[in-house]
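S.K.: Everything below, folded, please.
(one chain, ligands or ions: 1)
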Amino acid sequence: MPMATISPPLPRLEAAPGPVGLVNGLRNLRAFQRDILGFLGHLARKYGDFVQFDFGPFRTYFANHPDLLHQILVEEAAKYYKTSLTKTLLQPFLGEGLLVNDGEPWKRQRKLIQPAFHAARVAAYADTMVAYAQRAVAEWQPGQMRWIDHDMMTLTLDIVIKTLFGEQLTPQEREAVGQAVDIGQKQVGDGFKTLFRMPDWVPTPARRRGEWATRVINDVIARFIAHYRQTRHDRGDLLAMMLAAVDEDGGMSDAQARDEAFTLIVAGHETTANTLTWAWYLLSQHPQAEAALHAELDRVLGRRAPTFADLPALTFTEAIIKETLRLYPAAYIVAREPQEDVCVGRYAVLRGRPILIAPYITHRDPRWFDEPNAFKPERWLGDLEKSLPKLAYLPFGGGPRICIGNAFAMMEARLILATVAQRFRLSLAPGQRVEVEPLVTLRPRHGMPMVVHVR
Ligand code: HEM
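M.R.: Residues are numbered from 1 along each chain as shown. Predicted coordinates:
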């Protein structure tokens, strides 16, 4: 008689633990509005690796185990889109750019843009990054107080405009783009915390400011496009590549090229500037790490400018950036919405319910990092990265939608840190309060005024 085959038991699905229901929903909303990071940290500590909570009336999930993050972002990435809220808030600015696009249109655009971020291409940007960093500090004087957050923002903005678009901003454009990004940050950051929105046609002051901000950046992009169309010489930058695709049949529409340019200008400077700002702050608070950085720069570079070829030897410089991104990941939350009913681990989640992932919380989990709140760049010098579970460290996200500018940003941050720290030390302005402000990215709430010292 044939043996009966026993099929494996179906996985037993469970409801995730967490504070749900009307009263909790309102309480969660208030806690989220008051302190997003504190609230998510509390959920993780109290309920574990996969939590459900009501956000007002909306059921929301929070995943906080690397295996679950891997399942969502990598293994089953095709089942998930960006959340509806992300789209509602970001589309007025970014249109259908890479960051908010989904499905087949996203895949096509990512393929078209990816070549600008291939390793050889990115390496060619190194000299511009160093030259611009040198130019930015040329006027720095000992004893001068500088808003380092603003300085880093201007520097990384100039770099992304030059490397990807082959252009330069006028001082007025630079100032206006800075203000436009601030407005966008505030508006989108506030939008994440509110449940009820005025209908789109109501011209609230915030909306008018948002429209002004969009116009400022659109005007800059329109100028770049007009300039390219007049000269049309093959410059080989990303803008030229995108506009060549516009001109090809079935390539990219004009509107799509605008959306991609807008996305890359904003996503391509703000995050790296924040990372550098936090790095300068952390170094100012940790003299031993600062001394180790200086020793490395003196040994590897002496007084000559860093180049792409020096990067492998600048291991401590890299460790500082990695540790900064662990403690202050600029993209402190990413979110996904399943397009079908899914199981995350052993938990069922219905289609359309948002799932939050918080690198800020995962990066401070004592299961993966000892002394998780301490700034210890040296932890990255050994083989920590190899021994970590996949996605326990995810400052650039993971899976097919991993940050397209990952290598660009890591190179830029290291080269700027090295170029500036070769000549200068920065100390926090006396009496300055430092607090994180989680908007779209993780900014210092009161800015970062620092005093310049010549080394
Ligand atoms: C330290 C700097 C940076 C950090 C921490 C960062 C972080 C991230 C993260 C976490 C994502 C994934 C978001 C998600 O999965 O929902 C992302 C996506 C993205 N980033 Fe970055 N980023 C940085 C720098 C850059 C730079 C320099 C550029 C471009 C020059 C860039 C362009 C983008 C774009 C276009 C996407 C969307 C990619 C897609 O969905 O296909 N980022 N970034």
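S.K.: switch to C-alpha atoms for all contacts and neighbour counts from now on
M.R.: OK.
S.K.: In the stretch 1-150 of the chain, what residue lies closest to the ligand?
M.R.: At 3.9 Å from the ligand, residue 99 is the closest residue in the stretch 1-150 of the chain, using Cα to the nearest ligand atom.
S.K.: name the element that residue belongs to?
M.R.: Under DSSP states H and E, no helix or strand contains residue 99.
S.K.: Isn't it up against residue 263?
M.R.: Yes. Counting by Cα atoms under 8 Å, a contact exists between residue 99 and residue 263, whose distance comes to 6.9 Å.
S.K.: more crowded one of those two?
M.R.: Looking at residue 99 and residue 263 with other Cα atoms under 10 Å, you find the greater number of neighbours at residue 99, namely 23 against 20.
S.K.: Return the set of buried residues in stretch 201-221.
M.R.: The neighbour-count check on stretch 201-221 (16 or more other Cα atoms under 10 Å) flags 207, 209-214, 216-218, 220-221 as buried.
S.K.: Pick the one among these closest to residue 187.
M.R.: For these, the minimum distance to residue 187 (Cα to Cα) is 7.3 Å, reached by residue 210.
S.K.: I'd guessed that closest one sits against residue 183; true?
M.R.: Yes. Residue 210 sits in contact with residue 183 when judged by Cα under 8 Å, with a separation of 6.4 Å.
S.K.: Residue 386 should be in a strand, yeah?
M.R.: No. Assessed with DSSP: H, G, I helix; E, B strand; the rest coil, residue 386 is helix; it does not lie in a strand.
S.K.: Read off the pLDDT value for it.
M.R.: Confidence at residue 386, expressed as pLDDT, is 94.
S.K.: now swap in residue 209 and tell me
M.R.: At residue 209 the predicted local confidence, pLDDT, stands at 84.
S.K.: Distance of it relative to the ligand?
M.R.: Using Cα to the nearest ligand atom, to the nearest Å, we find residue 209 at a distance of 24 Å from the ligand.
S.K.: Can you give me the distance of residue 358 to the ligand?
M.R.: Counting by Cα to the nearest ligand atom, the separation of residue 358 from the ligand is 10 Å.
S.K.: Kindly confirm my reading that residue 108 forms part of a strand.
M.R.: No. Going by three-state DSSP, the assignment for residue 108 is helix, not a strand.
S.K.: residue contacts, the residue of the stretch 1-150 of the chain closest to the ligand?
M.R.: If you count contacts by Cα atoms under 8 Å, 6 or more residues apart in numbering, residue 99 has them with residue 263.
S.K.: what are the phi and psi values for it?
M.R.: Residue 99 adopts backbone torsions of phi -60, psi -30, taken as degrees, to the nearest 10.
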